[in-house]
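Chemist: Here is my input, please return the structure:
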Amino acid sequence: MSLENLTSKYIDSAAYVLDTMEMVEEQTKEQRASIKKVIESARAYLEDARHFRNEGRLEVSLTSVAYCEGLLDALRMLGAVTFEWPSRAQVKREK
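Modeler: Take a look at the predicted model:
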C-alpha cells in the first residue's frame, strides 16, 4: 500500500470514529469539559492531517493522524467514550 493510500485510510478511519463515537454518560461536568477539549484536539490533528495530505506532505500527515488516533484510543481506554475502529468497508459506506 502506498503512503498516500495508507494516510487516506487512517484519515478516513479517524473521521469515522469522530463522527460515530459516544461520550459515556457517567461523567461530571468538569470531566465532560476535559473530554471535549481532548476531542477538539483530536479533531484539530485530523484537520492538520488532511491539510498536510493535500499539500503532499504525507509523512507529516500520517504523523498528525497518528496523534489523533492516540488521543481517541486514550479516551476509550479511560472509559470516557465508546467506539470501534471501522473496517475499510464501513468507512467507504459512510462517505
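
Chemist: Can you classify the most centrally placed residue in the chain by secondary structure?
Modeler: Centroid-nearest residue in the chain: A14, 3.2 Å away (criterion: CA atoms, centre = their mean). Three-state assignment for A14 (DSSP: H, G, I helix; E, B strand; the rest coil): helix.

Chemist: wait, doesn't it sit right on V65?
Modeler: Yes. The pair A14 / V65 is scored as a contact, 5.6 Å apart, by CB atoms under 8 Å. Quick note: C-beta positions are derived from backbone N, CA and C, even for glycine.

Chemist: between these two, what contacts are shared?
Modeler: L46, A49 (CB atoms under 8 Å, 6 or more residues apart in numbering).

Chemist: ok so, going back, confidence score at the residue nearest to the centre of the chain?
Modeler: The confidence metric pLDDT takes the value 98 at A14.

Chemist: now do S87
Modeler: 82.

Chemist: quick one: the strands in the protein?
Modeler: 22-23, 81-82 (DSSP state E).

Chemist: and of those, who's closest to S8?
Modeler: Smallest distance to S8 across the strands of the chain (CB to CB): 23.8 Å, for strand 81-82.

Chemist: Setting the sequence-adjacent residues aside, check what's closest to C68.
Modeler: Y45 (3.8 Å; CB to CB, 6 or more residues apart in numbering).

Chemist: For that neighbour, give me its contacts.
Modeler: S64, V65, Y67, C68, L71.

Chemist: where's the residue lying closest to Y67 once chain neighbours are set aside relative to K36, distance?
Modeler: Sequence neighbours aside, Y45 is the residue nearest to Y67 in space, at 4.5 Å (criterion: CB to CB, 6+ apart). Y45 sits 15 Å away from K36, going by CB to CB, to the nearest Å.

Chemist: Ok, V24 next?
Modeler: V24 is 13 Å from K36, by CB to CB.

Chemist: Tell me which of the two has more neighbours.
Modeler: The neighbour count for V24 versus K36, taken as other CB atoms under 10 Å, is higher for V24 (15 against 12).

Chemist: so that one makes contact with G79?
Modeler: Yes. Assessed by CB under 8 Å, V24 is found in contact with G79 at 6.0 Å.

Chemist: Fine, thanks again, bye for now.
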